[in-house]
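> Quick one, what's the 3D model for this:
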Amino acid sequence: MAKQSRNDKRLSRHKRVRKNLSGTPQTPRMCVYRSLKNISVQVIDDVSGHTLAAASSLDKDIKEKAPNGGNKEAAKLVGESIAKKALAKGLEHVAFDRGGFLYHGRVKELADGARGAGLKF
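Coordinates of the predicted model:
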């Protein structure tokens with residue numbers, strides 16, 4: 001049997017979490033994607049299938065403050081940015097979807113940044 005790659009293992013963890021986690025119009029899902037060089041997050045209403053807000057370390061204002069998008073500083077800025085965008089749309093509660101990634105390091109910093117800016121999980 002062939003050995004599963006790290007990404008295949010992450011995708012199976014993500015599927016297992018997504019069986020029980022879905023975004024509604026009142027409590028949308030905040031989905032995190034982490035690559036080696038960047039981190040991005042979306043707030044998604046799964047009922048209608050629309051992205052309500054999005055932020056990434058590739059955004060112009062974040063790129064100016066943190067040129068390296070693959071570190072904890074950039075993740076914290078992305079968390080603060082998505083919180084501001086979600087609160088501007090009237091969303092204060094979200095369901096946190098870590099996307100199969102460990103809740104550690106950059107993913108944790110993103111969550112802490114969003115909580116610090118007023119978003120509730």
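
> what's in contact with stretch 100-116?
Contact with stretch 100-116 is made by 9-14, 17, 30, 32, 34, 39, 41, 70-72, 74-80, 82-83, 96, 98, 121, as judged by C-beta atoms under 8 Å, 6 or more residues apart in numbering. To be clear about C-beta, it is placed using only N, CA and C from the backbone, and glycine gets the same treatment.

> how near is residue 81 to residue 25?
22 Å (C-beta to C-beta, to the nearest Å).

> who's more crowded, these two?
Just comparing residue 81 and residue 25: by other C-beta atoms under 10 Å the higher neighbour count belongs to residue 81, 23 against 12.

> so where does that one fall, helix or strand?
Per DSSP states H and E, residue 81 falls inside helix 72-88.

> Does the closest residue to residue 4 other than its chain neighbours lie in a helix or a strand, and which?
The shortest distance from residue 4 to any non-neighbouring residue, by C-beta to C-beta, 6 or more residues apart in numbering, is to residue 12 (7.8 Å). Using DSSP H and E, residue 12 sits in helix 6-18.

> Keeping just the C-alphas, turn that helix into CSV.
The C-alpha coordinates for helix 6-18 follow below in CSV (Å, rounded to 0.1, in the frame of the first residue of the first chain):
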residue,chain,number,x,y,z
ARG,A,6,0.9,14.9,4.3
ASN,A,7,-1.7,16.8,2.2
ASP,A,8,-3.8,13.7,1.7
LYS,A,9,-3.9,13.2,5.5
ARG,A,10,-4.8,16.8,6.0
LEU,A,11,-7.7,16.5,3.5
SER,A,12,-9.0,13.4,5.3
ARG,A,13,-8.9,15.3,8.6
HIS,A,14,-10.7,18.2,6.9
LYS,A,15,-13.5,15.9,5.6
ARG,A,16,-13.9,14.4,9.0
VAL,A,17,-14.4,17.9,10.6
ARG,A,18,-16.6,19.2,7.8
